[in-house]
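S.K.: mind looking at a prediction? Sequence and model below.
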Number of protein chains: 2
Amino acid sequence: MLSVAEARSRIIDGLRPTGLEQVMLDAALGRVAARPLEARLSNPPADISAMDGYAVRAGDTVPGSVLAVVGTAPAGHPFTGRVDPGSCVRLFTGSLLPDGADTVLIQENATRDGDRVTVNEAVAVGRHIRRMGQDFLVGDTVVPAGRKLGARDIGVSAAANRPWITCHRRPVIAVLATGDEIALPGEPIPPGGIANSNTPMLAAAIRAAGAEPLVLPPARDSIAAIAGSLDGLRCDMLVTIGGASVGDYDLVQAGLAERGFAIDFWKIAMRPGKPLMHGTVGGTPVLGLPGNPVSALVCAVLFLLPAIGRLSGDSAAQPEIETARLGAALPANDQRADHLRASISRDDAGDLLVVPFPRQDSGMLRRLALSEALVLRAPHAAAAAAGDRVDIIRLDRLGL
Amino acid sequence: MLSVAEARSRIIDGLRPTGLEQVMLDAALGRVAARPLEARLSNPPADISAMDGYAVRAGDTVPGSVLAVVGTAPAGHPFTGRVDPGSCVRLFTGSLLPDGADTVLIQENATRDGDRVTVNEAVAVGRHIRRMGQDFLVGDTVVPAGRKLGARDIGVSAAANRPWITCHRRPVIAVLATGDEIALPGEPIPPGGIANSNTPMLAAAIRAAGAEPLVLPPARDSIAAIAGSLDGLRCDMLVTIGGASVGDYDLVQAGLAERGFAIDFWKIAMRPGKPLMHGTVGGTPVLGLPGNPVSALVCAVLFLLPAIGRLSGDSAAQPEIETARLGAALPANDQRADHLRASISRDDAGDLLVVPFPRQDSGMLRRLALSEALVLRAPHAAAAAAGDRVDIIRLDRLGL
């Protein structure tokens, strides 16, 4: 069976980023920049004052000397004259430094009396000045391609005077749950049935990852129903849920085969989630998740979210592996990579402490919802003692 | 001057969570549950099989013995008869355990031949069975009040058959930028002017925190313009930007005073961001952020996001403080709490390593956008050596 890393590579390597979409600044949060964004303004656009005070010539700042205030230049209202020897101009944080001035005397070191200012402290050339372009110059890249845009990226794009950002289109991820036993929450539940938790959960995870979920009506357990779900479908990836195991009623592969499904793999050496399926149908990549909700979510973290990252053009889309100290011993692992649901806290030194729940039944969805991390256990990992450092993926982030 | 912690407490303590809104599951991502959500279904709803195999009586599982297959019970199609001694029922993961059976013989340990199954291994009572309600029972709380809903919470709500969730209304946060020098990105920029980065940046941060930004037209530097911005305004908090410093042109306080502003405080012992203002006008809380975008963003992380958390009813809304090892020495700090922009990486042991940028000019917005963390330096903190552990806030999360 494939390892987790091999399976992820095979899924990711077949994907290409979506096409372009022009997005305005106020809709760009969480979108991925498709091209480097170049500044249309320098920041600052000119030499400006970093403080409230007076634009002066450094040579004039002999303590006790008196300067004539020849003008005032609030931010947005530059002084158009010149600061000649013996004169100064009142300015504020963000004011343009007028011609002739070469430094700023801060108001705390000046005594104002009408149109005259007494210097209380000498100032070197260039003090309290933010130089033109010290943050960036016209033409500099302020946001690199492949970056998922946060509030700060939107701020720097705005400062660069770019109201539009060229992004990758949000990938559309279709979700097809299968099974006669499932009912949509709030609808009548058949005898022996359950409320469908996978579809709303995965749709939310898809949305949290920056993609657009396309929730298909659940398919009954029939080849025709599953095949029919593909008719008229247009998406960047199809995620099926359930029906990919070895039971007689696992019909997803047979249903997809009716429409020309080409399978890549359908089992990996991991727990929970062994029956992960991958292939393509009509050029659309297909990821088949296990029907068990705990397994489905863990597989989504490991495989679907990185796939969405690749489709979105996000250059940093891998599950972030952190480390933490074990709060309890763990036995040796078997041949399948394990993903233990765990709580986290911090020890006295501020170090992350992770405690796997004693019972790891993959039927425990509420337990999963209250877990803060997955502890990663490699195949054949040796027994670990309390205090050992282990790899974790935090679940209490990324909208999961 | 107030400390950061005192200022935060004074801001937060005056806030009450917003009222209620009924939200459907597929719109609930990132919303905050206002009430404990109780299950309408047990999970599992009955004793079910955790594997593909046969429902049997444990006493019948003598290796070599042969059982009659009297029925098939795929998930969603319960067997309505009874498993008598010497018989068995074919079942699959998720199938209800039929009456009479007390364990599951997995198919790997059975040899099927027509309507007969040979037992290859003895099975104890209760194997491979998920007991009714082992995850949760009808009436159990599956999502606590005050929880910000992630994909897993939505999954468990769905499993509990709750299509609606009672949430707090998204707080509406009005953003008022002030200053004659600012122009909205893409609009004509006056002489000596700059593109307004604060408004789009803070609107995105507000959205990322789960609130609704209400972007007011920027106000010119006049008391009347600032006062007029309040007319007809309805919001849960007003955030002003700029104009709260000590310069002659800092008119926000004067403008708000025209409408009855009651100030609480307007300076705190921190860097960047000393001129933080707090008060109320007409019952609406007001947070005044510095006009410098770097200062504004740092103050938003420390004060605005926790305020949004409180308004949203989020029980966990504090900036998460983590720890990391310093990659470079730091000098002793002065009397103001400092927030150094820094990059992070991981050392060979997987420990977080944080390196503050040598230049911490608060005019460096692009530098802020590329920072991954703020290193927190307490007032009068002693010099720190490379390798020392320091507190940090990660900026590369939470949509920042």
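M.R.: Now that the structure is in, tell me what you want to look at.

S.K.: use CA for all of it now, contacts and neighbours both
M.R.: OK.

S.K.: can you name the residue of the stretch 101-250 of chain A nearest chain B?
M.R.: Nearest residue of the stretch 101-250 of chain A to chain B: A:Glu181, at 3.6 Å (C-alpha to the nearest C-alpha).

S.K.: so what's that residue up against?
M.R.: Taking C-alpha atoms under 8 Å, 6 or more residues apart in numbering or on different chains as the criterion, A:Glu181 is in contact with A:Pro190, A:Gly192, A:Gly193, A:Ile194, B:Ala75, B:Gly76, B:His77.

S.K.: could you measure from A:Val281 over to A:Leu2?
M.R.: Using C-alpha to C-alpha, to the nearest Å, A:Val281 is found at 21 Å from A:Leu2.

S.K.: when those two are compared, which one has more neighbours?
M.R.: Using other C-alpha atoms under 10 Å in any protein chain shown, the more surrounded residue of A:Val281 and A:Leu2 is A:Val281, with 18 against 15.

S.K.: so who does the more buried one touch?
M.R.: Taking C-alpha under 8 Å, 6+ apart, we find A:Val281 in contact with A:Leu256, A:Arg259, A:Gly260, A:Phe261, A:Ala262.

S.K.: most neighbours among those, which one?
M.R.: A:Leu256 (24 neighbours).

S.K.: chain neighbours aside, what residue packs nearest to it?
M.R.: A:Ala227 (5.5 Å; C-alpha to C-alpha, 6 or more residues apart in numbering or on different chains).

S.K.: my guess is that neighbour meets A:Gly260, correct?
M.R.: No - counting by C-alpha atoms under 8 Å, A:Ala227 does not reach A:Gly260; the two are 9.8 Å apart.

S.K.: pLDDT score for the residue most central in space within chain A?
M.R.: Centre of chain A computed as the mean C-alpha position; nearest residue by C-alpha atoms, centre = their mean is A:Lys148, 5.7 Å away. On pLDDT, A:Lys148 comes in at 96.

S.K.: count of neighbours near the closest residue to it other than its chain neighbours?
M.R.: Distance criterion C-alpha to C-alpha, 6+ apart; nearest residue to A:Lys148, sequence neighbours excluded, is A:Val32 at 4.2 Å. A:Val32: 26 surrounding residues under other C-alpha under 10 Å.

S.K.: ok, A:Gly81 next?
M.R.: By other C-alpha under 10 Å, 12 other residues sit near A:Gly81.

S.K.: the one 4 residues further on now?
M.R.: The tally of other residues near A:Pro85 (other C-alpha under 10 Å) stands at 15.

S.K.: quick one: it and A:Ala55, what's the gap?
M.R.: A:Pro85 is 11 Å from A:Ala55, by C-alpha to C-alpha.

S.K.: repeat that for A:Asp102.
M.R.: To A:Ala55, A:Asp102 is 7 Å away according to C-alpha to C-alpha.

S.K.: more crowded one of the two?
M.R.: Neighbours were counted for A:Asp102 and for A:Ala55 using other C-alpha under 10 Å; A:Ala55 has more, 33 against 20.

S.K.: my guess is that one contacts A:Leu97. True?
M.R.: Yes - contact criterion C-alpha under 8 Å: A:Ala55 and A:Leu97 qualify, at 6.5 Å.

S.K.: alongside chain B, which residues does the stretch 1-150 of chain A contribute?
M.R.: Applying C-alpha under 8 Å from any C-alpha of the partner chain, one finds that the stretch 1-150 of chain A approaches chain B through A:25-26, A:29-30, A:44-46, A:52, A:74-78, A:92, A:95-96, A:130, A:134-136, A:142, A:149-150.
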